[in-house]
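Colleague: Below are the sequence and a predicted model for it; my questions follow.
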Amino acid sequence: MTTDPARISLGGSAFGDTRVDVDTSLKSVADEPAQLRRRLNDLVSIMALPALWAGGEPPEIVTTLVDALVGTLPLAFIFARVNDPDGGSPFETVRVAESMEGRAREIRRAIDLSLGNAASNSPLHSRIFIGDVQLALASARLGLQGEIGVLVAGSETTDFPAQTEQLILDVAANQAAIALQQARLLTERTRRANESEREWRLIVDSIPGLVAVLSPTGDVEVVNRPLLEYFGQTLEELRQWGTNGTVHPEDLPHVVEVFTRAIASGTPYEIVQRLRRGDGVYRWIQNSGFPLRDTAGQIVRWCVLLTDIDERKRAEAQLAGEIRLLDMVACGSSLTDVLNALCCFVEDTATNCHCGVYLIDWRGPTFQNAAAPTLPASFNDPIDGLPVRREIGPCARAACLRTQVIAADIESDPLWQASPFRDLALTNGLRSCWSTPIYSLAGQVLGTFAIYQRTPGRPTPLLQDLIAQVTHIASIAIERAQSETALKRSEAFLADGQRLSLTGSFSWRVATDEITWSEQLYRIYQIEIGTPVTLDLIRTRVHPEDVSLLEKMKMIDQARAGDDEFEWQYRLLMPDHSVKYLHAVGHAIRNQDNQLEYIAAVQDVTERRVAEEALARARSELAKVARATSLSALTASIVHEINQPLSGIITNASTCLRMLDAHPPDVDGARETAKRTIRDGNRASEVVTRLRALFSKREFTLEPLDLNEATREVIALSSNELQRNRILLQPELADDLPTITGDRIQLQQVILNLLRNGSDAMGNVHDRPRQLLIKTEREKADRIRLTVRDVGVGLPPQSLTSLFDAFYTTKSGGMGIGLFVSRSIIERHHGRLWAEPNDRGPGATFSFSLPLSADGVPDGLPATGTS
Amino acid sequence: MTVTRSLVSIIDDDESVRESLPDLVRQFGFAVEAFASAEAFLSSKYVNQTTCLILDVAMPGMSGPELQRELANRRRTMPIVFITASGDRMIRGRLLAQGAVECLFKPFSETALLDALNAALRR
């Protein structure tokens, strides 16, 4: 009989059938060789058992083993105990033959007794009695020391176990031990694997992010619990992310492209995309994936981390939008553009809504439709010009009550049942309207901001935040536009005024040379409007003689207190060589940094100035004529007075000669005429004396006087004239000047005369500032000196001596008498008056020096007596 | 025989002239009458007898040129030699244009005076 694989196979998989089969075959055993063959076959069957046990659990192995043995050997029962390697209760099983049916419990008790309570690897008895049936026992250890367990078999056969039976039992035990050992190892390994899997899952699940693990080809293998919960999908559903709408349709192509490329190239990727959350809302997600590699560098998994950045993204977008709006405001975009952009911004951010901004003209008060870019004209047009009365609509109500008005459902809201707004909104498909007042900084309602939806609803807290933000921005934009309009109007007024009055204005920060001009000033300077103004540019226009004024302005004493008023007259030399006269009035202020800044108005006074100059010229001509007239009258008078006696002298002398030449000589007549000649000579002398008396008619009055004070009075008196002649007067009056005694009026006439001479001497100076220095100083212990230095035409050397002659003059219109008289005045004070050319540079210096005391000056001293 | 000498009338407000000039003119051989003012001359009997007039330009009251016009008005024309102490040389042309024989500026030489008187008498 050959080994039947079907039997073995049956014996391994369906115990009941096998047992029946084995029992049947046992009964057919007859003779020894047949038995031996049988045992050999049994042995082969037993040896084949491990093939069945592969991957099996210990109970399976043991159960299969005992089933196989009970069918193989002539057993009453077979018992198997497998110890738990972890120290738990051992696994025990028992099979009983049909003959012992129903006595399994007794057998267990007997075996327990025989093996003892302590885990033992072999029974204490070789025979036991189950009732009156005596059973011979055989045992086999599982494992070398029975550490795995034990097999105990009992048989009614008295010589049990025969040698072959013990062999089969031992082989079976041996096979089972190996299988159990393997199973135990396998279990251990599986347990460990499961444990590590559990730990890993625990870690992944407890990551507070959304984590997925992908296969090297990008298929979703594992996702953590938070991810499942976030998306509200099963793992299977999630695996279909590419087609099931999880990714926002707009983002899908990009996501697929980046993802595919990353998987193909094995490089980490990062995508910002919208993914649909469990509640159906698309959220912005940052998707970062990175490959995990084994030691050989092969990608074994992809780890993917999804981060919900929706709020950050929303905040960023909102902030960017707000900044864009504020930028528009700052850059001077038109109010309409700003408000339209504002509406679009809210519509983009909030989605499924329409926005409108309505300005209020409080003079009506009426609405003005300022911006509603996505609402139709059929809705917008009727709003324009609507009166602002609270029953008109939500916006009017919001404006009147100064509060947000939410019309959650316009159709059913009783407030609007009778309002024309209800029809208007419903006809245009709008169901809800949320109006918020836009306040000015001062709290005035500038207008309203309205959001409309096509479905009933209320604003979310998030949207309320947005509304608060944009109404604030709208307020800034509106106020700015209004103040700009006002500013433009006043600027226009100012510009018109400046143009009309030929007055420009400028500001000049001296430290930084930041200069700002009004348009009119550009026109005055004939420089293209908008050209950056620099000092160099100004210098190209300012008359060379007046350029020093700029320096003077820069040099203003830095410590000087603010708000000083200034007034300047200066000229421009235009490219066509015409001259413009400017009159600037301004003040110097100190800005926050304590830096000097001029703010001034500049008037083009050329016409006035030309008229003035013409007048001055006419006046001066007149004065010259008058002066010449009075001089000629004086001269005529002097000539007349002198000529009369001279005429007498000559006539008498002629007569005298004729009388002496007569025949006979008329000696008496000659004597008479000679006497008359002498008398006429005396008369001429009297005339001269009278003339001298005429020149010094005034009383000479001595008094103590302060020459500085007297000088300052003269400066004050002549400042207008000096300014008119554009003389830069530099007074340098000594502090320590002692009082002198003198005739104040006469000395002031001298000073005035010297100033005028100096001023006149510079009348033709056009290439340099007309500087006139007037200086007082102590000369010696007992003298003081006054000096006037001009930079004018100077003195021809040959004229130095004749300078002080009565009728000497270098001036076309001058009388020349000034220096003559001046010198005589100074000499009456025992002083000295002299002139000298300047050491350096052009011009002349006139000086007089006076003794401190003019005591003892005799009245009527000859004017020219001392030099 | 009676030699009727030409009468030269001198009118000048200046006393030294009235003292000195008549003597000199007499030395030339003329009859002389001197007056301190134009008015005094006009009111005298010599107006019609005067052959030649030596007349000061500037005088208080009626001036020399005014007397010249007055005489013209009275159809009593006579050659006039103006004398003046003024330095204004322009006056000479004007006076000559108005009919004067000469205008002498004080102080003048006797030659100048004689030439002028001769010229006057040639008229």
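Modeller: Okay, I see it. Numbers count the residues shown, from 1 in each chain, chains lettered A, B, ... in the order given.
Colleague: A:D513 is in contact with A:D536, isn't it?
Modeller: No - using Cβ atoms under 8 Å as the test, A:D513 is too far from A:D536 to be in contact (9.6 Å). No exception for glycine: its C-beta is placed from N, CA and C like everyone else's.
Colleague: tally of neighbours for A:D465?
Modeller: By other Cβ atoms under 10 Å in any protein chain shown, 13 other residues sit near A:D465.
Colleague: swap in B:K45?
Modeller: Taking other Cβ under 10 Å as the criterion, the count of residues near B:K45 is 7.
Colleague: okay, A:D513 and A:D536: which has more neighbours?
Modeller: The residue with more neighbours, out of A:D513 and A:D536, is A:D513; 12 against 8, by other Cβ under 10 Å.
Colleague: show me what contacts the more buried one?
Modeller: Going by Cβ atoms under 8 Å, 6 or more residues apart in numbering or on different chains, A:D513 touches A:T534, A:L535.
Colleague: How about A:R768?
Modeller: Under the contact definition (Cβ under 8 Å, 6+ apart), the residues listed for A:R768 are A:P544, A:E545, A:V791.
Colleague: Please pick the buried ones from those residues.
Modeller: Judged by neighbour count, with 16 or more other Cβ atoms under 10 Å in any protein chain shown as the criterion, the buried members of the contacts of A:R768 are A:E545, A:V791.
Colleague: in the stretch 351-500 of chain A, which spans are strands?
Modeller: Counting by DSSP state E, counting those that start in this stretch, the stretch 351-500 of chain A has strands at residues A:354-361, A:366-371, A:405-407, A:432-439, A:445-453.
Colleague: Then chain B?
Modeller: Under the criterion DSSP state E, chain B carries strands at the ranges B:7-11, B:31-35, B:50-56, B:80-84, B:102-105.
Colleague: how deep is the closest residue to B:P60 other than its chain neighbours tucked in, by neighbour count?
Modeller: Using Cβ to Cβ, 6 or more residues apart in numbering or on different chains and skipping residues adjacent in sequence, the residue nearest B:P60 is B:D13, 5.9 Å away. If you count neighbours by other Cβ under 10 Å, B:D13 ends up with 16.
Colleague: Kindly report the same for the one 3 residues further on.
Modeller: Using other Cβ under 10 Å, B:S16 has 21 neighbouring residues.
Colleague: now swap in A:Q182 and tell me
Modeller: By the other Cβ under 10 Å criterion, the neighbourhood of A:Q182 contains 16 residues.
Colleague: Then the one 4 residues further on?
Modeller: A:L186 is flanked by 14 other residues according to other Cβ under 10 Å.
Colleague: do A:A477 as well
Modeller: Applying other Cβ under 10 Å, we find 28 residues neighbouring A:A477.
Colleague: and the gap between it and A:G758?
Modeller: A:A477 sits at a distance of 65 Å from A:G758 (criterion: Cβ to Cβ, to the nearest Å).
Colleague: Ok, A:T217 next?
Modeller: As judged by Cβ to Cβ, A:T217 and A:G758 stand 106 Å apart.
Colleague: Which helix or which strand is home to the nearest residue to A:Q749 once chain neighbours are set aside?
Modeller: The shortest distance from A:Q749 to any residue other than its chain neighbours is 6.7 Å, reached at A:I825 (Cβ to Cβ, 6+ apart). Using DSSP states H and E, A:I825 falls within helix A:817-828.
Colleague: likewise A:T741?
Modeller: For A:T741, the element it lies in under DSSP H and E is strand A:740-742.
Colleague: mind listing what that strand pairs with, with the direction of each?
Modeller: strand A:703-705 (antiparallel) (DSSP bridges).
Colleague: now the partner strand, how far from the centre of its chain.
Modeller: The chain centroid and the centroid of strand A:703-705 are separated by 71 Å, computed with Cα atoms, centre = their mean, to the nearest Å.
Colleague: Also stretch A:566-579?
Modeller: 43 Å.
Colleague: sec struct for the residue lying closest to A:H248 once chain neighbours are set aside, please.
Modeller: By the measure of Cβ to Cβ, 6+ apart, the closest residue to A:H248 outside its immediate chain neighbours is A:R274, 3.5 Å from it. Local secondary structure at A:R274 is given as strand here, using DSSP: H, G, I helix; E, B strand; the rest coil.
Colleague: Looking at the contacts of A:R768, which are in strands?
Modeller: Within these, no residue falls in strands by DSSP E.
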